[in-house]
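J.: Sequence and predicted structure below; questions after.
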Amino acid sequence: MTYPEAIQFLYGLRLFGAKFGLENTLKLAALAGNPQDKLRFIHVAGTNGKGSTCAMLESIYRTTGLRTGLFTSPHLVSFRERIQVGRQLISENEVVRLVEKLQPLLAQFPKEQHPTFFEVITIMALDFFAEKKCELVIWETGLGGRLDATNIVTPLASVITNIALDHQQWLGDTPGKIAFEKAGIIKPGIPVTTATDEPEALAVIKKIAAERNAPLTIVAEVNLPPEMAGAVSLAGEHQKRNAALALATVDILQKQIPVSKSQMMAGLKNVQWPGRLQLVERGGRKFLLDGAHNVAGVTALREAIGNSFASVKKTLVLGILEDKDWRPICEMLAPLADTIITVAVSSNRTANPEKLADICRTFNPRAEISAYGSLAEAVEKAPIGNLTVITGSLYLVGEALELLGCFPSATSERGLNEWSVIHSTKA
């Protein structure tokens, strides 16, 4: 099997959709020898900031000399971004080997119960981390938490970054319902940290933590000491809250894994997480890339633009998925720009760019607004002297990173991010 063939096999698994429930994952893990039992985890859920918080935790613990595993989603360009050891992407050869290793196990499932793409790669990651003898795995949920495939592990600590409205059609239409799904990662007696400040959501998290006798730490941005705040290398004020959450988690685990103050600061200083308020310069032009795709994410982006780029002329390149709350996203972002270009996201779930342009005209009639079918066309047409802000979807940001040559050696595998829920186990 070649690497393109392995990727094609993974593409094929998308036909099985995304199923909520742990039965398949537990069965596949057992067939693979339960690799999760050989590993230690920090399990991270939440609406926004999961990836950044995971990146901070990984960087801090790697600074101590630990062999770290990192499992995140979605990927921006290459599938290999999802599974990393010591921040090194899994190799193409390892992906091939793990796919070949799992294929005979998948043959033991009846077709109607075949594991999904995400269930398969969850076990691939566990198997790889166990083989590499990772001493700590930073483990991000895919969607929700309670019925997410990642929830077969018992971590050293659980982390819930925040709760906001997103994926309502699957997780529920209120903060409380969404919090119930995210808080499903809380395990009996295992400490949990959260930076959630939404009252309804926090009440649910408190209730579930109390029921499971899980010590709960609630983090506010003010908990971050000034020297730590100054060490945070990721742009945006909201990253200070993510850093405070990461540090609170590290503090809780000091007995199991000691970390010095200098190691924490070095970890925060050296953390890298692309596609989140990432400034890229190409040919004398400046691009700000941010994967904000819901109201909470856009709020953080607006604040960052106001703090750092208020006086700069801006072009907004906006592409959003149809299943997102695109109207309020347009309402919040359109007034910030002199020029607005709406584009189609490379996804069958893309919102119509003409429709986005119409909404943007409503909220910023003074701007020059146009719609294009592709990001490449939009970047070509964008005024050269402006700061070009590309946002609305992580898929779009991944395309921008590729277009701007930030992943020059990677073959785009963004299509693997496509999924749809075809079955839900509401157990």
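T.: Now that the structure is in, tell me what you want to look at. Numbers count the residues shown, from 1 in each chain.
J.: Can you tell me how far Gln113 is from Glu23?
T.: Between Gln113 and Glu23 the distance is 8 Å, computed by C-beta to C-beta, to the nearest Å. From N, CA and C alone the C-beta is placed, and that goes for glycine too.
J.: Ignoring the adjacent residues along the chain, who's closest to Pro191?
T.: Using C-beta to C-beta, 6 or more residues apart in numbering and skipping the chain neighbours, the partner closest in space to Pro191 is Pro215 (4.6 Å).
J.: ok, the one you found - how many residues close by?
T.: Per other C-beta atoms under 10 Å, the neighbour tally for Pro215 reads 12.
J.: what sits against it?
T.: For Pro215, the contact set (C-beta atoms under 8 Å, 6 or more residues apart in numbering) comprises Pro191, Val192, Ala209, Ile252.
J.: And Ala337, by the same measure?
T.: Counted by C-beta under 8 Å, 6+ apart, Ala337 has contacts Lys314, Thr315, Leu316, Asn364, Ala367, Val389.
J.: ok, now Ala243?
T.: By C-beta under 8 Å, 6+ apart, the contact list for Ala243 reads Met56, Leu224, Met228, Ala229, Ala231, Val232, Leu234, Leu268.
J.: Check Gln84 too.
T.: Residues in contact with Gln84 (C-beta under 8 Å, 6+ apart) are Gly69, Leu70, Phe71, Ile90.
J.: Identify those among those residues that sit within strands.
T.: Gly69, Leu70, Phe71 (DSSP state E).
J.: wait, the second one sits on Met56?
T.: No. Under the criterion of C-beta atoms under 8 Å, Leu70 makes no contact with Met56, lying 11.1 Å away.
J.: mind listing the helices for the stretch 101-250 of the chain?
T.: For the stretch 101-250 of the chain, the helices defined by DSSP state H, counting those that start in this stretch cover 117-131, 168-171, 175-182, 199-211, 226-231, 238-252.
J.: Just give the number of residues close to Val77.
T.: 22.
J.: Phi and psi next, for it.
T.: The phi and psi values for Val77, taken as degrees, to the nearest 10, are phi -130, psi -60.
J.: and the closest residue in space to Val137 that isn't next to it in sequence, how far is that from Arg62?
T.: Among residues not flanking Val137 along the chain, Gly69 sits closest, at 3.8 Å (C-beta to C-beta, 6+ apart). Using C-beta to C-beta, Gly69 is found at 10 Å from Arg62.
J.: one step back: any idea what the residue nearest to Val137 is bridged to?
T.: Val85, Val137 (DSSP bridges).
J.: Out of the contacts of Ala337, which sit inside strands?
T.: Counted as lying in strands by DSSP E, out of those, are Lys314, Thr315, Leu316, Val389.
J.: burial count for Asn334?
T.: Actually, residue 334 is Ala. It isn't Asn. Neighbours of Ala334 (other C-beta under 10 Å): 23.
J.: Ignore what I typed, I meant Glu399.
T.: Counted with other C-beta under 10 Å, the neighbours of Glu399 add up to 24.
J.: Please look at it and Leu375 and confirm they touch.
T.: Yes. At 5.2 Å, Glu399 counts as touching Leu375 under the criterion of C-beta under 8 Å.
J.: returning to what we had before: kindly present the contacts of Ala243 as CSV, with separate columns for pLDDT, neighbour count and distance to Asn34.
T.: Formatted as CSV, those follow (pLDDT from 0 to 100; neighbours: other C-beta atoms under 10 Å; distance: C-beta to C-beta, whole Å):
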residue, pLDDT, neighbour count, distance to Asn34
Met56, 98, 28, 29
Leu224, 80, 22, 38
Met228, 90, 18, 37
Ala229, 88, 15, 41
Ala231, 92, 18, 38
Val232, 92, 23, 37
Leu234, 93, 19, 35
Leu268, 97, 26, 34
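J.: just the residues you listed now: which is nearest Asn348?
T.: The closest of these to Asn348 turns out to be Leu234 (C-beta to C-beta; 31.3 Å).
J.: Break this protein down into its domains, please.
T.: For the chain, automatic domain parsing gives the domain ranges 3-274+417-424, 278-405.
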